[in-house]
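Colleague: Pasted the sequence and its predicted model underneath.
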Amino acid sequence: MLAKQAWRLLNQKNSLFFRVYKARYFPTCSFLETKLSSNPLYVWKSLLQAQEVILEGSKWKVGSGTSMDIANHQWLPQPPSFRRDGPWPTKVRELMDEVTGQWDRTKLAYWFERHKCYDILSIPLNNLHANGILVWKENKSQSFTVKSVYGVV
């Protein structure tokens, strides 16, 4: 049930629940980026423990790519591995062609192994004006359910 509340903190940003916790515990970052503060309430510590479950059972659906970190957000089936030494691009947006709104194949071929390029090219870029969204990967509907959490734990 705590994972459900953590999911709400990620997806219901207009709720009173979100606004109260955002103001108190993570005013300058997102829920997934926040760390345990000094003297937290028991409920907040429990919600932070649910972060691991959320991260394990979800994936990012690419939007504009401006806020999606290549190495730290799960947007690929397997974590990316670069074929060259850094400095690497940090945001997914840097792998897109600004003019066409599609993946920049030259950049992909430069930075990633061939199999990883195919993984990236298989991701559709439909809505480049929206932020990426977190979807639940543990069921076909990609919607969070308490029942589906038990497959992750």
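Modeller: Structure's in. What do you need? Residues are numbered from 1 along each chain as shown.

Colleague: so what's K61 bridging to?
Modeller: The bridge-partner assignment for K61, based on DSSP bridges, gives I133.

Colleague: give me every residue that touches it.
Modeller: For K61, the contacting residues are 75, 132-135, by Cβ atoms under 8 Å, 6 or more residues apart in numbering. Quick note: C-beta positions are derived from backbone N, CA and C, even for glycine.

Colleague: and the gap between it and N139?
Modeller: 15 Å (Cβ to Cβ, to the nearest Å).

Colleague: can you list the domains in the protein?
Modeller: 2-58+140-149, 63-131 (automatic domain parsing).

Colleague: tell me which element the residue located most distally from the centre of the chain is part of?
Modeller: Ranked by distance from the centre of the chain (Cα atoms, centre = their mean), the top residue is N39, with 27.6 Å. Assigned by DSSP states H and E, N39 falls within no helix or strand.

Colleague: from now on call the first residue 10
Modeller: Sure thing, new numbering starts at 10, so read that last one as N48.

Colleague: any idea how far K31 is from it?
Modeller: Counting by Cβ to Cβ, the gap from N48 to K31 is 18 Å.

Colleague: before we move on, the earlier item: got the contacts of K70 as JSON lines, with pLDDT, distance to P36 and neighbour count columns?
Modeller: What follows is those, written out as JSON lines (pLDDT from 0 to 100; distance: Cβ to Cβ, whole Å; neighbours: other Cβ atoms under 10 Å):
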{"residue": "W84", "pLDDT": "85", "distance to P36": "26", "neighbour count": "20"}
{"residue": "G141", "pLDDT": "76", "distance to P36": "22", "neighbour count": "20"}
{"residue": "I142", "pLDDT": "79", "distance to P36": "22", "neighbour count": "14"}
{"residue": "L143", "pLDDT": "80", "distance to P36": "20", "neighbour count": "20"}
{"residue": "V144", "pLDDT": "83", "distance to P36": "26", "neighbour count": "15"}
